[in-house]
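Show me how the following folds:
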Amino acid sequence: MRSEEFLPMVLGLPEVTEREAFSNLTGFRVRDKGFCYLNEDEGFVLLKATREEQAALVAEDPGTFAPSWASGRFAWVQIKLAGVDPEELNELVTEAWRLSAPKRLAASLRT
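Now for the predicted structure:
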């Protein structure tokens, strides 16, 4: 997957805004809470996840998934776009969005 394919996936979620972040990263937020960062130059994304999800993804495919930082009950996982299945990435992006979206907004996506 390339970043041009990734952008419609993340921007298609409700109330997502895009803004420059730090370094070479573009940040994606829902109601001003960050859940995803894209590094187009290096071809990876950072997604918010639970600590358990981060560990499971890294154990499943360490060539595609790598741990990033963790804080509290959340962790971030780095994902190489070239190695990830688009359907799996869509699920992971949606879950990262749900972790940051207000409960009512997150529930609206299920309907």
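
which stretches of this structure aren't confidently modelled?
110-111 (pLDDT under 70).

beta partners for the residue nearest the centre of it?
Nearest residue to the geometric centre of the chain (Cα atoms, centre = their mean): Leu47, 2.9 Å. Beta-bridge partners recorded for Leu47 (DSSP bridges): Cys36, Val77.

if I read this right, it contacts Phe35, doesn't it?
Yes: at 7.1 Å, Leu47 counts as touching Phe35 under the criterion of Cβ atoms under 8 Å. In short, each C-beta sits where N, CA and C put it, glycine included.

list residues touching both of the two?
Ala96 (Cβ atoms under 8 Å, 6 or more residues apart in numbering).

Check the gap between the residue nearest to the centre of the chain and Val84 for me.
10 Å (Cβ to Cβ, to the nearest Å).

Then Arg31?
26 Å.

So for these two, which residue has more residues nearby?
Val84 (20 against 12; other Cβ atoms under 10 Å).

can you pull the contacts of the more buried one?
Met1, Thr64.

So what does it have for phi and psi?
phi -100, psi 140 (degrees, to the nearest 10).

and the gap between it and Phe44?
10 Å.

again with Val30
The spacing between Val30 and Phe44, counted by Cβ to Cβ, is 21 Å.

same thing with Arg2?
12 Å.

Then Ser71?
In terms of Cβ to Cβ, Ser71 sits 20 Å off from Phe44.

the more surrounded of these two?
When neighbours are counted by other Cβ under 10 Å, Ser71 and Phe44 differ, and Phe44 comes out ahead with 21 against 8.
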